[in-house]
Each structure stands twice: as structure tokens, then as C-alpha cells.
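[1] what's the 3D shape of this:
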Amino acid sequence: MSTTIKIENLRGASSLLANQSSPDPSKALYVLLTADASSGVSGITVGAVTPLTENMAITFDTIKSGRLYVGYGQYPNPPLPQGPDYYGWIEFSRTSTDTAVWINLSNVDILGLPLTLEGTDSAGAAFSLGYKTPMVAAKASDSIVGQVKAVLVNSSAAVIKTNTGQDKILAPNHVPASYRSYDTYLKSLTDTTAANYPASLSILSDTPKDGSPVQMTGSFKNASTGSDNIIELTSTDGKQVCHITKVNLTSQIIYECDGGYMNWSTDSGNTFKAIHQNRTAINDPSSTLAERTITNSVFREIMIGINEGYFSMANPANNSNAMFPGLVPFATGDGNQYAQVIHENSNSYGFPYADSNLKVLVTSKLGADLTLNVIADDATKDYSAPSDNSSNQPQSGTYQFGIGTGSQGLGVIRIGNWRYLPNSAGAYGGFLPDLPNWTKMEFSGLGANKYIWVKNNQVAEGSGSTQCLTQACVINNKVLVWGAGLAWNGSVAAPAKPTN
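    Got it, this is the predicted structure:
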């Protein structure tokens with residue numbers, strides 16, 4: 001079944017070469033489709049830089065690692081991030097066995113010409129991906145370009161004046177020295193004077209085909225020299241051991257999410273092999289698909305934890321990738337500042353693994369048309385805010401909670417980025433995240449400032465005249481329990497955060 005991408009030019013008719021009274025290719029939009037492999041392509045020749053025309057549409061059956069570029073002038077194939085051309089692109093793939101098209105916006109390499117997407121997702125619902133903040137604005141802080149410029153430590157290499165006059169900004173994976181170093185963050189995770197040293201680390205790998213995931217636990221280590229281990233992990237059965245040295249966890253490697261090695265053992269640490277942080281059948285031909293699935297996913301999760309700023313010496317419970325879905329990305333201020341700007345202002349990728357936890361990759365219904373909009377630099381379009389009304393609960397844990405039937409008026413219950421929805425009878429329940437510190441449990445259906453405080457096996461909800469819920473919690477065998485018909489107690493104010 002074929003899929004068609006319609007290209008809508010919203011930058012004005014003069015940007016089409018055919019509409020120019022005095023044709024100037026440098027001021028006209030061109031399109032380029034690239035792919036590792038494809039079938040059934042029509043409307044364009046793969047690999048040929050082609051003038052954008054009115055009502056242009058590109059159709060394909062299958063495509064591997066497809067990229068569709070739109071930019072000014074007859075740029076090279078592929079256009080160069082460091083070059084003078086102003087362009088943007090989308091990414092998409094569909095194999096012969098896929099029942100949907102995987103598609104996303106991307107600003108992983110550059111901040112350039114803005115593109116947005118509209119379509120129908122694999123569940124049959126309309127979707128859009130776009131920007132809620134324009135690339136440029138009269139006030140720099142009201143623009144994505146301005147916000148990224150504000151976090152640069154050296155703009156000379158990162159900001160490129162394009163042939164058409166716009167500023168194109170290189171992402172930190174191309175110019176890591178132009179962005180904040182990760183040295184301070186890594187020092188905070190390896191501080192030997194901290195009470196929680198060594199900061200714990202827990203990573204569950206992906207599941208290999210016909211296999212089982214591997215749970216790796218260990219810690220961050222203080223590394224004096226480049227050859228010292230800064231991360232040490234061991235599998236639950238003790239057979240697999242991962243060591244990452246300081247020289248293989250530099251700012252450049254973290255921004256690129258690639259470029260170094262891990263020392264990996266499959267015999268309980270008796271012997272180690274230096275493996276690529278992203279193994280392939282080409283760079284490690286003796287490896288199996290199952291081995292690559294495990295080692296690559298462990299490295300990926302470490303990169304997500306650092307780039308999104310989740311890892312912490314003060315809150316070691318967050319140092320597990322099982323906790324990532326319930327944490328607020330970039331909230332600590334320690335992560336990738338470029339990716340943070342992209343995440344907070346768009347539905348686009350801001351670093352290589354943004355699809356894993358930031359939900360910027362969608363599946364488009366097979367055969368349904370897609371629309372690619374080429375928008376003006378000062379325009380916004382097609383941004384979709386993250387849904388706050390979908391369930392997002394831990395799948396395991398030490399502690400649980402339950403609320404009886406008829407309590408649906410509480411709305412979506414939030415603990416950080418974890419979300420609990422009532423069942424058809426208005427009851428709630430599930431595993432709680434690990435909460436070593438007092439954390440708000442918010443009741444969205446009750447309006448603003450309706451929350452209590454929870455901690456592992458503890459609750460602060462007021463008492464007597466300050467009891468804010470209509471029933472007090474009963475803690476029974478590590479389960480927080482409230483009865484049926486739970487509601488807020490009149491005009492009682494939410495409790496203050498406990499100090500103990």
C-alpha cells in the first residue's frame with residue numbers, strides 16, 4: 001500500500017522558481033528525497049535536488065531511513081549542516097512488514113527552515129507535529145532561535161549566516177564546545193563527599209528477539225584519569241558487566257550519543273571486550289543481534305538520563321530508566337539546553353534519542369495522506385501539546401495505593417509526570433514510584449492547589465480540622481488506602497510540605 005506526502009508551501013508564491021519573473025534558483029525552494037532503500041517512489045527522483053512546485057506530492061510504498069529535505073537553492077545531496085544553505089527536513093520509514101509509517105520532525109543537527117506535519121495516526125485519529133514558538137520574532141526571547149542563542153557559550157562556530165540571510169544554528173552534536181560542558185553535571189554525580197556517593201544507577205535493557213531483557217545495576221564512580229571507570233554496571237545474574245571510562249563519557253560523546261567505547265564482559269568480569277557504544281553488524285561483525293540489542297539500549301538509556309537531566313546524587317531513586325516516564329524532562333536544569341529549547345517549543349527531535357522518552361515519533365496510518373507544511377520563519381503551526389489525560393503508571397514497585405469506587409471527581413491524579421486515571425467504577429490504584437522525598441500527589445479534577453504530600457509509605461494530608469480529604473489514608477502492608485467516594489473536604493487548604 002502506498003503513502004503520499006503532499007507538500008504545501010506557506011512561505012509565499014515567490015519562493016517557487018516557476019513563479020519568479022526573473023528566475024533566481026538561490027531564492028527558490030528545492031526538495032530532496034534521500035533513502036537507504038525505497039520502492040514505489042513517484043513524484044520525485046530519489047537523490048535529485050528538485051524545484052518545489054505547486055501541489056507537489058511524493059508517493060512511496062516502502063522506504064528505509066527516508067529523509068525529505070526542503071531548502072533554498074540547489075544545495076548538495078545531502079545538504080551540509082555547516083554549509084550556507086537554509087533548509088529543514090523530516091524523517092520517515094516503512095518496511096514491507098510495517099503496518100504504519102514511522103515519521104517525525106527533526107532538529108537534531110540544525111535549527112533551520114521550519115516544517116510541520118499533519119496526518120492520520122495508526123489508530124485513525126488526526127495528528128499534527130509542529131512549532132508553538134516561531135523560529136524568529138521581534139523579541140529574541142519569544143523565538144526558538146533567540147532562546148538557543150541565549151544558551152550558547154560560543155556563538156562563532158554555532159551560528160551560520162545562510163545564503164538567504166537567515167541564521168542557521170548548529171546543534172551541539174556538531175559543535176559541542178559551543179554549548180555548556182557536562183563536566184559540572186558529571187562531577188555532581190561522582191562527588192565523593194556527597195552522602196549518597198556512589199550515586200546508584202539502574203538500567204533495564206530492551207528485550208532481544210526471542211530473549212529476555214537484562215537488568216543492570218551499579219553506580220557512577222569518581223574517575224581521576226581518563227582510563228578510570230566513571231560508570232560500572234553488573235547484570236542481576238552477575239554474568240554481564242559494563243564499564244565506561246571517563247574518556248568515553250565526554251561532553252562531545254554525550255551530545256552526539258555516540259563516538260566512544262564501552263568495556264563489556266559476558267563472563268562475570270573475567271575478560272572484557274571494548275565495544276562501540278552503538279554496535280552494528282558492520283563495526284562488530286562477530287556480535288549477535290541480541291547482544292547489540294542489549295548493549296546499545298543500555299548505552300541509549302544512559303544518554304537519555306544525562307541529556308534529559310534525570311540522574312541525580314540527591315535523588316538516587318531517579319537514577320533508574322524505569323523512572324524516566326514519570327519524570328519531567330529537563331526539570332533539573334542539568335541536561336541538554338539545546339534539546340530543552342526544542343522540546344519546550346515544538347514537537348521535534350532535539351537530540352538523537354529524543355524519540356525514546358519525549359514522544360516526538362508518531363506512526364502514521366498506512367495509505368493515509370500526509371501533509372508537509374513549509375511555514376514562514378515567524379509563523380507557528382501544528383503544535384500538539386502533550387496529553388495529560390492518558391495513563392502513565394509505573395509497571396512495578398515496592399509501594400502501591402488504592403482509592404475506592406465513586407471517586408472519579410478527583411480527575412487525573414498526578415505524581416510528577418506519572419498519571420493515574422479512574423476505572424469505569426471511579427476507583428484508582430496501582431504502583432507508586434519510588435519516593436524517597438516528599439512529593440505532591442495532585443488531583444486535577446478539583447482545580448488548582450488541590451494536592452497532598454506522599455513519600456515512601458507515608459502521607460501528609462492534614463488532620464482534624466485541616467484534613468483535606470474526606471477520608472484519612474490507612475497504610476496497610478505498603479499500600480496507601482482510601483475508601484469509596486473520596487473527595488476534597490470543603491474549603492480546607494492543601495497541606496504545607498512536611499519538613500521531616
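[2] now do the end-to-end distance for stretch 69-89.
    Its start and end residues considered, stretch 69-89 measures 4 Å (CA to CA, to the nearest Å).
[3] return the distance of it from the chain's centre.
    Its chain's average C-alpha position is 25 Å from that of stretch 69-89, according to CA atoms, centre = their mean, to the nearest Å.
[4] what comes into contact with that stretch?
    By CB atoms under 8 Å, 6 or more residues apart in numbering, the surrounding residues in contact with stretch 69-89 are 7, 15, 25-34, 47-49, 52, 67-68, 106, 109-110, 112-115, 160-164, 166, 168, 170-171, 174, 372, 374. For glycine as for every other residue, the C-beta is placed from the backbone atoms N, C-alpha and C.
[5] repeat that with 6 Å
    Outside of stretch 69-89, the residues within contact range by CB atoms under 6 Å, 6 or more residues apart in numbering are 25-26, 29, 31-32, 34, 47, 49, 67, 109-110, 112-113, 115, 162-164, 166, 168, 170, 174, 374.
[6] what subset of those residues is buried?
    The neighbour-count test (16 or more other CB atoms under 10 Å) applied to the contacts of stretch 69-89 identifies 29, 31-32, 34, 49, 67, 109-110, 112-113, 115, 162, 164, 166, 168, 170, 174, 374 as buried.
[7] domain-wise, how is this structure divided?
    For the chain, automatic domain parsing gives the domain ranges 3-178+336-374, 185-326, 400-482.
[8] tabulate the ones you listed (a markdown table), appending mean pLDDT and distance to Ser390.
    Converted to a markdown table, the domains of the chain look like this (pLDDT from 0 to 100; distance: least, CB to CB, whole Å):
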| stretch | mean pLDDT | distance to Ser390 |
| --- | --- | --- |
| domain 3-178+336-374 | 96 | 10 |
| domain 185-326 | 97 | 11 |
| domain 400-482 | 96 | 7 |
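[9] can you put those domains in CSV and add distance to Ala494?
    Below are the domains of the chain laid out as CSV (distance: least, CB to CB, whole Å):
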stretch, distance to Ala494
domain 3-178+336-374, 27
domain 185-326, 21
domain 400-482, 5
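[10] so which of the ones you listed gets nearest Ala493?
    When these are compared by CB to CB, domain 400-482 sits nearest Ala493, at 7.2 Å.
[11] phi, psi for Gly326 please.
    Note on Gly326: backbone dihedrals following degrees, to the nearest 10 are phi -100, psi 0.
[12] contact partners for it?
    Taking CB under 6 Å, 6+ apart as the definition of contact, the neighbours of Gly326 are 416-418, 433.
[13] identify the farthest-apart pair in the residues you listed.
    Between any two of the contacts of Gly326, the greatest separation by CB to CB is 9.5 Å, found for Asn417 and Pro433.
[14] who has more neighbours, those two?
    Pro433 (24 against 18; other CB atoms under 10 Å).
[15] the more buried one in helix, strand or coil?
    Secondary structure of Pro433, reduced to three states by DSSP: H, G, I helix; E, B strand; the rest coil: coil.
[16] quick check: it vs Leu486, distance?
    Between Pro433 and Leu486 the distance is 21 Å, computed by CB to CB, to the nearest Å.
[17] only the buried residues of the longest helix anywhere in the chain, if you could.
    Across the chain, the longest stretch assigned as helix under DSSP state H is helix 289-307. Neighbour-count burial for helix 289-307 flags 291-307 (criterion: 16+ other CB under 10 Å).
[18] could you do stretch 23-42 as well?
    28-35, 38, 41.
[19] quick one: which of these sit in strands?
    Using DSSP state E, 29-34, 38 are the members of these that sit in strands.
[20] between those, which is closest to Thr190?
    Relative to Thr190, the closest of those is Thr34; by CB to CB it sits at 41.3 Å.
[21] walk me through which strands the longest strand belonging to the chain pairs with, and which way each runs.
    Ranked by residue count under DSSP E, the longest strand found in the chain is strand 62-72. For strand 62-72, sheet partners with direction are given as strand 29-34 (antiparallel), strand 37-39 (antiparallel), strand 87-94 (antiparallel), following DSSP bridges.
[22] next, count neighbours for Met1.
    Other residues within reach of Met1, judged by other CB under 10 Å, total 11.
[23] any figure for the gap between it and Ser268?
    From Met1 across to Ser268, the span is 49 Å (CB to CB).
[24] go through the buried ones among the contacts of stretch 69-89 and flag which are in strands.
    Secondary structure defined by DSSP E assigns 29, 31-32, 34, 67, 110, 115, 168, 170, 374 of the buried ones among the contacts of stretch 69-89 to strands.
[25] show me what the closest residue to Cys473 other than its chain neighbours is bridged to.
    Nearest residue to Cys473 in three dimensions, chain neighbours excluded: Val459, at 4.5 Å (CB to CB, 6 or more residues apart in numbering). On DSSP bridges, the residues paired with Val459 through beta bridges are Val454.
[26] for Thr120, see how far away Val459 is.
    As judged by CB to CB, Val459 and Thr120 stand 44 Å apart.
[27] Leu204 now?
    In this structure, Leu204 and Thr120 are separated by 33 Å, where distance is defined by CB to CB.
[28] give me the neighbour count for Ser320.
    21.
[29] for the stretch 151-300 of the chain, what spans make up the strands?
    When assigned using DSSP state E, counting those that start in this stretch, the strands of the stretch 151-300 of the chain occupy the ranges 159-161, 167-170, 200-204, 215-220, 229-235, 241-245, 261-265, 273-276.
[30] pull up the pairing partners for the fifth one, direction included.
    Read it as strand 229-235. Sheet pairing for strand 229-235, assigned by DSSP bridges, gives strand 215-220 (antiparallel), strand 241-245 (antiparallel).
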